[in-house]
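Q: Have a look at this prediction, sequence included:
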Amino acid sequence: MQTFIEETIQDIIKTTNSFEDVTLILPSKRAGVFVKRAFQRNGLVGFLPEILNIEEFIEEVSGLRKIDSIQLLFYFYGIYKEHEENPDTFDTFFSWAFTVLQDFNEIDQHLIKAKEVFMYIRDVERLKRWSVKGTFKETELMKDHFSFTEKLDVFYEKLYQFLLKNKIGYQGCIYREATKNIENYVQENSHKKFFFIGFNALNKSEELLFKTMLISANTQVYWDIDEQFLQSNHQAGRFIRKYKTSWKYYQKNELKTVSNTFSEDKNIHLIGAAKNSLQAKYAGEILSKLPHHNNTALILSDETLLPITLNSLPKNVSSVNITMGYPLKDMPTTSLILSIFQLYLSQEKLQKEQENLFYYKDVVKLLKEPLIHRLLVNEEQSISDEITQIIFSQNRTFVSQDFLSSFLKNQSSETQIIITTLFNPYSNINEFFQRILYIINVIKDKVEGLEKEFLFRYFTAFTQLQNFQYELNYFASLKIVYQFFRQLIASESISFQGEPLQGLQLMGMLETRLLDFENIILTSVNEGILPANTNQVSFIPFDAKVEFGLPTYKEKDAIFSYHFFRLLQRAKNVYLIYNTENDSFGGGEKSRFITQLELLKEGIKTKIISARVTINETKLEEIAKTEAVQNKLKELAEKGISPSTIGNYLYNPIAFYKKKILKIKEFDALEEEVAFNTLGTVVHETLKELYEPTIGKLLTLEDIDKMKTCVESYVKKYFKEYFKNGDITTGRNRLIYEVAIRFVFNFLQQESAIIANSNNQLKVLEVEKDYEAFIDVDGLDFPIKIRGQVDRVDELNGVLRIIDYKTGLVKESDLKVANLEEIQDFKYSKAIQVLLYTYMYTQNVALEPDKQIEAGIISFKNLKSGFIKLNFSDKYRGQDYTVTPEKIEEFIDQMKVLILEIYNPEIPFKEPIELPF
């Protein structure tokens, strides 16, 4: 296969004896490597010609130096502030400034008179305000917008003059100045020969430059276009057809170089793949079947798929050259920088600057960053893990610098300085920049390879920002710096370095200009991606663009069409992969270019692929009761089984095994908001302290009134004890604190209502007392201890009541047990709990033979129901509340059956098919 570059170089060599005064101008810098190889293959002896890309050539003609986007933005803001009475703050400014600068750039590239464009926009806006009645209501936002459009011309003119004065410029500015200097440049370089190679869509500036240089007779242009697109009305040949018919030069001269390779036989595969990840996987599968990759290109229409694609390359790809940049936002260093920002932004948001306290999540995230985590490794143990564990165990919502410093005593002095620096308060933005630069500077000596390259990129960026801040002081707060930084990393990338002449070429669509490959794999060939969507962010409306000849989506579609079909011209094996899923923009609808290709070429092989789905039969987990497990169960019997443990087994035997046999604890999460169990503990402990002084005597209204005065202080006391280091003064925690007070107060009100009735006598016998009892089970050679804490035992009008407090919602149906033989079910777990409490109490306290006993629950979320009693009636609204010795005995018989199941070595712990609700 002869490439376009090789064909062009052969033609140039035929007509050129010496390359001493020859300049080749290419669309991209990368193509220069392939041009040099073509000269080598054609046996050139001597010096190579000068090879420039179009940007370098334009800079040479204009005499201006291109500045980067950050410099341009800062200079523009200075000019904007000078000519705006009420200027936006910098954070508001840069949200729209990038768009305005892009419009300025486009206007200059296409040699449009800026004043005319802005006057057109101004007039359109004035027409919008015009009304037949002469009245038009303007909001402040509308006034600001109208004022802004009126001043666009001023901003443009002042910025342009400033750039020229300093001999710098953005791309469009450089292009416009190059068109002014081109005639002088041609005269000064009349002894030179110029060759423009592989161009297609030219802006107005480039058209003027090309036409001027062609007329000088020392310039030739080599176009890369196929006969099929040039002679037809196809979109791919739109621009070159226009140049052929409208340029005077081509009225007397033929186009160079027109090929006829697209019509040759090609092996084209059209593949529909579900999801972006499957596209990358299938591309890797194609590559794995190729014997070598020296003339193969994998092209990503959607460059955001680069990370996925890199992870999908097969093992036989020994070398790869990546021509697109890796997104800055996806780099590990970015996460570190963002974590530092978040540390201080949260501090400001939560108003903890004066105390220099940091939100625990931000501290933990920063300490877990790989680069910081690596610094804190001590004897193969990371201090960051220890710090994190202590933060959670002590429930520290906010962390101080002193607390962190206490863990660094055995660390190197350098590490101590780094961590201390990270958590030092900063006084201004310059100091913050200095801190970031210091940390990068220290960490760079501890990393290698790509990580060092990433750090250097950030060191350069922050140095530049620091210099501008010293000079201009535009960043008024850290939040503005953060927003600017996020916008910066969203559009920036870091370039890879590789060997462009060997191995697989991994590139974006625009990098394929001038290049030809035998094997082409093109991904994401979907509408909205290839070509890109029609959305254009611009202050210049569509009608104004059409009026002044600025490019719209139609021209951009034509550019993509040219790149797509030019790429296929000389290829032999083509794999076009598109996304069949409509889960993302452009997904699901294949590109119009595929439809056009199907009309132009026959024999295209089409198939739809999907991921291999393997159906694994889900087996419910079973755990055998080995000798070791039986020993643990015996230990549990000796230590004591609580009623909640029985409920845990009924809910899920596997969970019971993990918690009670393996002793696996749930992750001890930091309690940033008061947990439900903490609320319950606070209420229980408060009631215990309130009622302890009254145990054994009849309650009076005076007792209850006295208790009410202590509620708030007791609740506060127990929150301090059980909600360690927690803040109950604001937000949701304050609400929960008030709920706890309300729970206790409402309960006391209910007690008052009972006592107020002169016929009622209420005596509290026990509060929060521990009990235990033993159950002998036939078939087991050891007794089973049952233990638990009974919340309250009292006596109301001679009836003994066993009471369990619940801060959650409990309904009467939860305590209805019509048939005790069915009680071995999780839905009766609350009934089991109070019955076991009753059993333990009756085993430990001697009662009168005919003593009436009731057991139940007081639900603080359902206090209107009062004491919800166990109900043994089998009728719909029947009432059978008495817990008799016979019922207790029948219940214990059922518990023996359940206990025997738990301890039977032949019955494994089984995962339930469905967990009960």
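A: Okay, I see it.

Q: Wait, residue 824 touches residue 896, no?
A: No: using CB atoms under 8 Å as the test, residue 824 is too far from residue 896 to be in contact (10.7 Å). In short, each C-beta sits where N, CA and C put it, glycine included.

Q: Give me the distance between residue 217 and residue 249.
A: Remark: distance between residue 217 and residue 249 (CB to CB, to the nearest Å) = 10 Å.

Q: So these two - more neighbours on which side?
A: residue 249 (16 against 11; other CB atoms under 10 Å).

Q: Do I have it right that that one meets residue 207?
A: No: here residue 249 does not reach residue 207: they are 11.4 Å apart, not a contact under CB under 8 Å.

Q: Distance of residue 554 relative to residue 531?
A: Residue 554 is 10 Å from residue 531, where distance means CB to CB.

Q: If you count surrounding residues, which of the two has more?
A: Set residue 554 next to residue 531 and count neighbours by other CB under 10 Å: residue 531 wins out with 25 against 12.

Q: what stretches of the stretch 601-750 of the chain score poorly on pLDDT?
A: Residues of the stretch 601-750 of the chain that meet the criterion pLDDT under 70 lie in 666-669.

Q: what residues does the host helix or strand of residue 340 touch?
A: Using DSSP states H and E, residue 340 sits in helix 332-349. Helix 332-349 is contacted from outside by 328, 353, 356-359, 361-363, 365-366, 369-372, 422-423, 426, 432, 436, 439, 451, 454-455, 457-458, 478-479, 481-482, 485, 489, using CB atoms under 8 Å, 6 or more residues apart in numbering.

Q: Show me how to select, in ChimeraX, the buried members of those residues.
A: Per 16 or more other CB atoms under 10 Å, the buried members of the contacts of helix 332-349 correspond to this ChimeraX selection:
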select :328,357,358,359,361,362,363,365,366,369,371,372,422,423,432,436,439,451,454,455,457,458,478,481,482,485,489
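
Q: Mark which of the contacts of helix 332-349 are part of strands, please.
A: With strands defined by DSSP state E, the entries of the contacts of helix 332-349 inside them are 357, 358, 359.

Q: these two touch, right, the last one and residue 350?
A: Yes: in terms of CB under 8 Å, residue 359 counts as a neighbour of residue 350; the distance is 6.1 Å.

Q: Overlap of the contact sets of those two?
A: Joint contacts of residue 359 and residue 350 (CB under 8 Å, 6+ apart) are residue 398.

Q: All the helices of the stretch 201-350 of the chain, in order from the start?
A: Counting by DSSP state H, counting those that start in this stretch, the stretch 201-350 of the chain has helices at residues 204-215, 227-231, 238-246, 249-252, 276-289, 306-312, 332-349.

Q: could I get those as JSON lines with distance to residue 168?
A: Converted to JSON lines, the helices of the stretch 201-350 of the chain look like this (distance: least, CB to CB, whole Å):
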{"stretch": "helix 204-215", "distance to residue 168": "18"}
{"stretch": "helix 227-231", "distance to residue 168": "39"}
{"stretch": "helix 238-246", "distance to residue 168": "30"}
{"stretch": "helix 249-252", "distance to residue 168": "33"}
{"stretch": "helix 276-289", "distance to residue 168": "40"}
{"stretch": "helix 306-312", "distance to residue 168": "32"}
{"stretch": "helix 332-349", "distance to residue 168": "28"}
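
Q: closest one to residue 1 among those helices?
A: helix 227-231 (17.7 Å; CB to CB).

Q: Please export the C-alpha coordinates of the closest one as PDB.
A: Extracted in PDB, the C-alpha atoms of helix 227-231 (Å, rounded to 0.1, in the frame of the first residue of the first chain):
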ATOM      1  CA  GLU A 227     -12.000  11.100  -7.400                       C
ATOM      2  CA  GLN A 228     -15.300   9.600  -6.200                       C
ATOM      3  CA  PHE A 229     -15.800  12.500  -3.700                       C
ATOM      4  CA  LEU A 230     -14.400  15.300  -5.900                       C
ATOM      5  CA  GLN A 231     -16.500  14.600  -8.900                       C
END
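
Q: mean confidence for it?
A: Per-region confidence: helix 227-231 scores 91 on mean pLDDT.

Q: quick one on the thing from earlier: shared neighbours, residue 824 and residue 896?
A: Between them, residue 824 and residue 896 share no contacting residue, judged by CB under 8 Å, 6+ apart.

Q: beta partners for the closest residue to residue 303 other than its chain neighbours?
A: The shortest distance from residue 303 to any non-neighbouring residue, by CB to CB, 6 or more residues apart in numbering, is to residue 508 (4.9 Å). Beta-bridge pairing for residue 508 (DSSP bridges): residue 300.

Q: pretty sure residue 508 contacts residue 325?
A: No: with contact defined as CB under 8 Å, residue 508 does not count as touching residue 325 (9.0 Å).

Q: between the helix or strand in which residue 417 is found and helix 332-349, how big is the angle?
A: In the assignment (DSSP H and E), residue 417 maps to helix 413-423. Inter-element angle recorded for helix 413-423 and helix 332-349: 50 degrees (by axes from the mean of the first three to the mean of the last three CA atoms, to 10 degrees).

Q: Now do the buried residues in helix 413-423.
A: 415, 418, 419, 422, 423.

Q: For the last one, give me its contacts.
A: Residue 423 makes contact with 343, 356, 358, 401, 404, according to CB under 8 Å, 6+ apart.

Q: Ok, the second one next?
A: Shown in contact with residue 418 (CB under 8 Å, 6+ apart): 375, 439, 442, 443.

Q: 7 Å - rerun?
A: The contact partners of residue 418, by CB atoms under 7 Å, 6 or more residues apart in numbering, come to 375, 439, 442.

Q: quick one: pLDDT of the second one?
A: Note for residue 439: predicted pLDDT of 89.

Q: what's near enough to touch it?
A: Residue 439 neighbours (CB under 7 Å, 6+ apart): 418, 421, 422.

Q: how close does it get to residue 372?
A: For residue 439 relative to residue 372 (CB to CB), the value is 9 Å.

Q: Low-confidence regions, the stretch 451-600 of the chain specifically.
A: 497-499, 583-588.

Q: Going along the chain, name the helices of it.
A: Under DSSP H, counting those that start in this stretch, the stretch 451-600 of the chain gives helices at 478-491, 542-548, 553-568, 592-600.
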